[in-house]
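# build me a model:
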Amino acid sequence: MKEGQLNMKKSILNFLYLNIGVLLVSINIHFFLAPNHFAAGGLGGLTIVLHHFLPHLSIGLLMVILNIILFGVGFAFLGFQFGLKTIYASFASSFMVWIMDKVNPLATPLSHDKLIQLIIGLLIAALGLVIVFNQNASTGGMDLIGMILNKYFSIDIGKAVLMADGIIVILSIIAFGFESGLYALFGIIFRGVAIDYFVHQFRLTKEVVIISNQCDQIKQFIVTELGRGATVHEAKGAFTDDKKEVITIVVERQEFVHLKKFVNKIDNQAFITVHDTSEVLGNGFRRAV
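Purely as a prediction, here's the structure:
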């Protein structure tokens, strides 16, 4: 396959993944947060609170209006720093929630068990957000407020977003009562934990060390089939004094499956050690910031 075709295929897959992530976030808002009045932070939470005071406007439409306002404020204070993917993801999420509300409006929650709905919904949203993050985008929203506070008041973005979410919790208590406010507070904390977990799982890679009599074939497979580089150095056995090449490579989990099958196929006596790595920067992986 030519390089241009590969790039086109990669771009299409990345766009598909971005939309899957946005869809998961939207599903949480429509099916789990809005019917239960869970204003668990973020733009979705703020929209749910405003919908209580403006019931004649749909949640999807309110999200569009808030996105326009927030991006307008962002452009005024920050300039064009968001990226087209973030702008697209923000408005796509609003559009998807609007479509869901038109196609399948929900007047009541899916279940009487609010806690399980909150947990399931936030797990779905956290997975969606991490997929969006992996495409170098975000869903915008309150992140823009955090960026403004960071720029002009030197407040860490994480703390600034937490402050904004705290304000949304207070508004939730005013709109829906103390119990809903507690659910919202729990939701904010749980979402952060879930996002950290999924980020760790997505970034988990394998550092593989291979000692084999078929190193030339393994190196060829790594370069041509996996499209990766590797470090090769010479080592000597303690008992036999035999000199052999040692291959060290870092691969993603799916790539490791293919590599292990290939090595076992050509040399079932190969010595392989594997270590999990939680972060790899550069050389085909994430770039260092």
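# spell out the secondary structure type for residue 257.
Here residue 257 is recorded as helix under DSSP: H, G, I helix; E, B strand; the rest coil.
# from residue 219, how far off is it?
Distance, residue 257 to residue 219, using CB to CB, to the nearest Å: 19 Å. (Glycine included, C-beta is placed from N, CA and C.)
# so between these two, which is more surrounded?
Comparing residue 257 with residue 219 by other CB atoms under 10 Å, the one with more neighbours is residue 219, at 17 against 12.
# list the buried residues of the helix or strand in which the more buried one is found.
With secondary structure defined by DSSP states H and E, residue 219 is part of helix 215-221. Buried residues in helix 215-221, defined by neighbour count with 16 or more other CB atoms under 10 Å: 215, 218, 219, 221.
# does the closest residue to the last one other than its chain neighbours lie in a helix or a strand, and which?
Okay, so that is residue 221. Sequence neighbours aside, residue 262 is the residue nearest to residue 221 in space, at 5.2 Å (criterion: CB to CB, 6 or more residues apart in numbering). In the assignment (DSSP H and E), residue 262 maps to helix 253-266.
# neighbouring contacts of that helix?
204-206, 208, 210, 212, 214, 217-218, 221-222, 225-226, 228, 249, 251, 270, 272, 274 (CB atoms under 8 Å, 6 or more residues apart in numbering).
# thinking again about what came up before, for the helix holding residue 219, report the contacting residues that lie outside it.
By CB under 8 Å, 6+ apart, helix 215-221 touches 210, 212, 230, 232, 244, 245, 247, 259, 262, 263, 266, 267.
# what is the nearest of the residues you listed to residue 108?
For the contacts of helix 215-221, the closest approach to residue 108 (CB to CB) belongs to residue 259, at 51.0 Å.
# tell me where the protein has strands.
205-211, 231-236, 243-252, 271-277 (DSSP state E).
# what comes up buried for stretch 56-65?
58, 59, 60, 61, 62, 63, 64.
# tell me the confidence at the nearest residue to residue 188 once chain neighbours are set aside?
Nearest non-adjacent residue to residue 188, counting by CB to CB, 6+ apart: residue 41, 4.3 Å away. Turning to residue 41, the model gives it a pLDDT of 79.
# how much space between residue 41 and residue 126?
12 Å.
# what about the two, which has more around it?
Set side by side, residue 41 and residue 126 show more neighbours around residue 41, with 26 against 23, by other CB under 10 Å.
# residues in contact with residue 199?
130, 133.
# mind running it again at 6 Å?
Residue 199 sits next to residue 130 when contact means CB atoms under 6 Å, 6 or more residues apart in numbering.
# ok, it to residue 255 distance?
19 Å.
# equivalent analysis for residue 14, please.
On the measure of CB to CB, residue 14 and residue 255 end up 18 Å apart.
# give me the more crowded residue out of these two.
Higher neighbour count among residue 14 and residue 255: residue 255, with 19 against 15, using other CB under 10 Å.
# for the strands of the chain, which one ends up most surrounded?
Of all the strands of the chain, strand 205-211 has the most neighbours on average by mean count of other CB atoms under 10 Å, namely a mean of 19.
# from the contact counts, what lies against it?
Applying 3 or more CB pairs under 6 Å, 6 or more residues apart in numbering; DSSP states H and E, we find strand 205-211 packed against strand 243-252, strand 271-277.
# need phi/psi at the residue nearest to residue 188.
Per-residue torsions, residue 41: phi 70, psi 180 (degrees, to the nearest 10).
# for it, give me its contacts.
165, 168, 188.
# same thing with residue 214?
Taking CB under 6 Å, 6+ apart, one finds 266, 267 in contact with residue 214.
# backbone phi and psi for it, please?
phi -120, psi 40.
# what's the closest non-adjacent residue to residue 90?
The shortest distance from residue 90 to any non-neighbouring residue, by CB to CB, 6+ apart, is to residue 140 (3.6 Å).
# what do you get for residue 161?
Nearest one to residue 161, counting by CB to CB, 6+ apart, is residue 146 at 4.0 Å.
# what number of residues lie near the one you found?
21.
# what's the spacing between it and residue 198?
Distance from residue 146 to residue 198, by CB to CB: 20 Å.
# do the same with residue 9
Taking CB to CB, one finds residue 9 at 25 Å from residue 198.
# so the two - more neighbours on which side?
The neighbour comparison of residue 9 against residue 198 (other CB under 10 Å) goes to residue 198, with 19 against 11.
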